[in-house]
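Trainee: mind folding the following:
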Amino acid sequence: MAASHKVAHAARRGLSIVKEIVYRITLSVSAGLLWKVHHWNTQRRTKEFYDLLERGEISVVVEDEGPSIVKEIVYGITLSVSAGLLWKVHHWNTQRRTKEFYDLLERGDISVVAEDE
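Mentor: Now for the predicted structure:
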């Protein structure tokens, strides 16, 4: 019996600019949405606090210092680094799969057949 080879149909490989833009916009919007949800929750808790204070159900012992600007900056940096890391992991996986494909092709374990449709 003749040795059989796996046949892979070649697709245009490489980075798609449109795909990159869509991924980055999606990540940016997702990070922005998470940040906005956090902001809305903080606003809701603050409003509830002041409503309770106004009704006299609670009293303040220590003066409120307001939001911490350092805390806000740390949250923003953390979200940005996390989104960037997720994107980089995706990029590394794509590079690894592409390299594996070309290694298999070079060794002759697979062959590429171009078909006209």
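Trainee: list the buried residues in stretch 21-41.
Mentor: Under the neighbour-count criterion of 16 or more other C-beta atoms under 10 Å, stretch 21-41 has L27, A31 buried. Any C-beta I mention is one placed from the backbone N, CA and C, and that applies to glycine too.
Trainee: what's that stretch in contact with?
Mentor: For stretch 21-41, the surrounding residues in contact (C-beta atoms under 8 Å, 6 or more residues apart in numbering) are Y75, G76, L79, S80, S82, A83, L86, W87, H90.
Trainee: which element is the second one on?
Mentor: The one in question is G76. Secondary structure assigned from DSSP states H and E places G76 in helix 69-107.
Trainee: what residue ranges in this protein score low on pLDDT?
Mentor: 1-15, 63-64, 117 (pLDDT under 70).
Trainee: which SS class is S111?
Mentor: At S111 the chain is in strand, as set by DSSP: H, G, I helix; E, B strand; the rest coil.
Trainee: right, and it touches L105 too?
Mentor: Yes: using C-beta atoms under 8 Å, S111 is in contact with L105, at 7.4 Å.
Trainee: about what we covered before: who wins for neighbours among the contacts of stretch 21-41?
Mentor: Neighbour counts for those, by other C-beta atoms under 10 Å, peak at A83, which reaches 18 neighbours.
Trainee: so how far is S59 from that one?
Mentor: 41 Å (C-beta to C-beta, to the nearest Å).
Trainee: kindly report the same for V37.
Mentor: 30 Å.
Trainee: phi, psi of P67?
Mentor: phi -70, psi 150 (degrees, to the nearest 10).
Trainee: now the nearest residue to it once chain neighbours are set aside: which helix or strand?
Mentor: Counting by C-beta to C-beta, 6 or more residues apart in numbering, T42 is the residue found nearest to P67 once chain neighbours are left out, at 7.6 Å. For T42, the host element (DSSP H and E) is helix 17-55.
Trainee: how far off centre is that helix?
Mentor: Remark: helix 17-55 is offset 15 Å from the chain centroid, using C-alpha atoms, centre = their mean, to the nearest Å.
Trainee: now do stretch 104-117
Mentor: Relative to its chain's centre, stretch 104-117 lies at 33 Å (C-alpha atoms, centre = their mean).
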